[in-house]
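**Q** got a structure for you, letters missing:
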């Protein structure tokens, strides 16, 4: 087995290369990839071009797969593969995709541990926009002054889908706006996630509506400042998609968002997820 990793930035991202394609589909590769995802937050496999079957194989090698949505898109070959698209013929509720234009973490408002990793393959690259940005919430926490770390530990934020979709509230058709905004649970999570291995990361993004015990304006201002801190160039990475690119990231230690794009670009991504093993709380 010969898989190689080249750091993209100091605190985030590695580019992956391989001698033989089959090297990526072994139990040893799955273990190594999982380790590197946890270490580097984002792994980029340039123009790997996996089929759905190959993407699911890599997903299962890293850990048990998990389905985050109940919607089975009509052109998906497998109900565990979610097609990320604004094409309403495939995705009848594109509001969720529009919500990904803003910093978020997957699975924060569901009643299970957040997914450990998200895997995304590019099937149609947009001609304009549509890049995906990542921000390490591990590096963001570690870079804070000690006094601010101490202040944040013990604080909790309230998360909801309604909060995450608030920036596009007016873009959701009124006839099903309340149903869409009411999806998911209202969850209370610590601002600082102390992981089982002792590492600490921030739990932030647009799902975070307010901070428990603080006035709404002050709490939201703090959440905005923390997101801006995490998104600074040292801790973040932007990936411009080429058809066939495959990216895996640590969803428990990163926020992500898509650079806005128009549905006319045809942008199409296939997403799978690896189940998480620990709850935030």
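**A** Looks like it came in fine. Given the structure is predicted, the values throughout are model-derived calculations rather than measurements.

**Q** Flag every buried residue along stretch 165-184.
**A** 165, 168, 172, 180-181, 183-184 (16 or more other CB atoms under 10 Å). For the C-beta atoms, the positions are set from N, CA and C on the backbone; glycine is no exception.

**Q** That one - what's its average pLDDT?
**A** Averaged across stretch 165-184, pLDDT comes to 75.

**Q** Also stretch 127-135?
**A** If you average the pLDDT over stretch 127-135, you get 96.

**Q** if we look at that stretch, which residues are touching it?
**A** In this structure, residues lying in contact with stretch 127-135 by CB atoms under 8 Å, 6 or more residues apart in numbering are 12-13, 41-42, 103, 120, 227, 230-231, 235-241, 247, 249, 254-262, 265, 267.

**Q** For the buried residues of stretch 165-184, give me TSV that also has distance to residue 96 and secondary structure.
**A** Putting the buried residues of stretch 165-184 into TSV (distance: CB to CB, whole Å; DSSP: H, G, I helix; E, B strand; the rest coil) gives the following:
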residue	distance to residue 96	secondary structure
165	8	coil
168	10	helix
172	10	coil
180	8	helix
181	11	helix
183	8	coil
184	10	coil
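
**Q** Looking at those, spot the one nearest residue 220.
**A** Within these, distances to residue 220 taken as CB to CB reach their minimum at residue 165, with 15.5 Å.

**Q** still on that earlier bit, please tabulate the buried residues of stretch 165-184 in JSON lines, including the columns distance to residue 46.
**A** Listed next are the buried residues of stretch 165-184 as JSON lines, based on distance: CB to CB, whole Å:
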{"residue": "165", "distance to residue 46": "33"}
{"residue": "168", "distance to residue 46": "32"}
{"residue": "172", "distance to residue 46": "36"}
{"residue": "180", "distance to residue 46": "35"}
{"residue": "181", "distance to residue 46": "38"}
{"residue": "183", "distance to residue 46": "35"}
{"residue": "184", "distance to residue 46": "34"}
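
**Q** Out of the residues you listed, which comes closest to residue 155?
**A** residue 184 (21.8 Å).

**Q** Could you identify the buried members of the contacts of stretch 127-135?
**A** 12-13, 41-42, 103, 120, 227, 230-231, 235-237, 239, 241, 247, 249, 254-258, 261, 267.

**Q** Restricted to strands, list these.
**A** 42, 120, 236-237, 239, 247, 249, 254-258 (DSSP state E).

**Q** need those in CSV with pLDDT and distance to residue 192, can you?
**A** Converted to CSV, these look like this (pLDDT from 0 to 100; distance: CB to CB, whole Å):
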residue, pLDDT, distance to residue 192
42, 98, 21
120, 98, 27
236, 98, 19
237, 98, 22
239, 98, 27
247, 98, 26
249, 98, 20
254, 98, 15
255, 98, 15
256, 98, 20
257, 97, 21
258, 97, 26
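
**Q** For these, give me TSV that also has distance to residue 19.
**A** Listed next are those as TSV, based on distance: CB to CB, whole Å:
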residue	distance to residue 19
42	22
120	24
236	31
237	25
239	23
247	21
249	24
254	28
255	33
256	29
257	34
258	32
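
**Q** Helices of the stretch 51-200 of the chain, start to end?
**A** For the stretch 51-200 of the chain, the helices defined by DSSP state H, counting those that start in this stretch occupy 52-62, 95-98, 137-142, 146-152, 161-164, 177-181.

**Q** Figure out which of the ones you listed is closest to residue 81.
**A** helix 52-62 (5.0 Å).

**Q** Please name every helix or strand in contact with the closest one.
**A** The contact analysis (3 or more CB pairs under 8 Å, 6 or more residues apart in numbering; DSSP states H and E) places helix 52-62 against helix 27-40, strand 117-124, strand 246-250, strand 268-274.

**Q** Having no further points to raise, I will conclude here.
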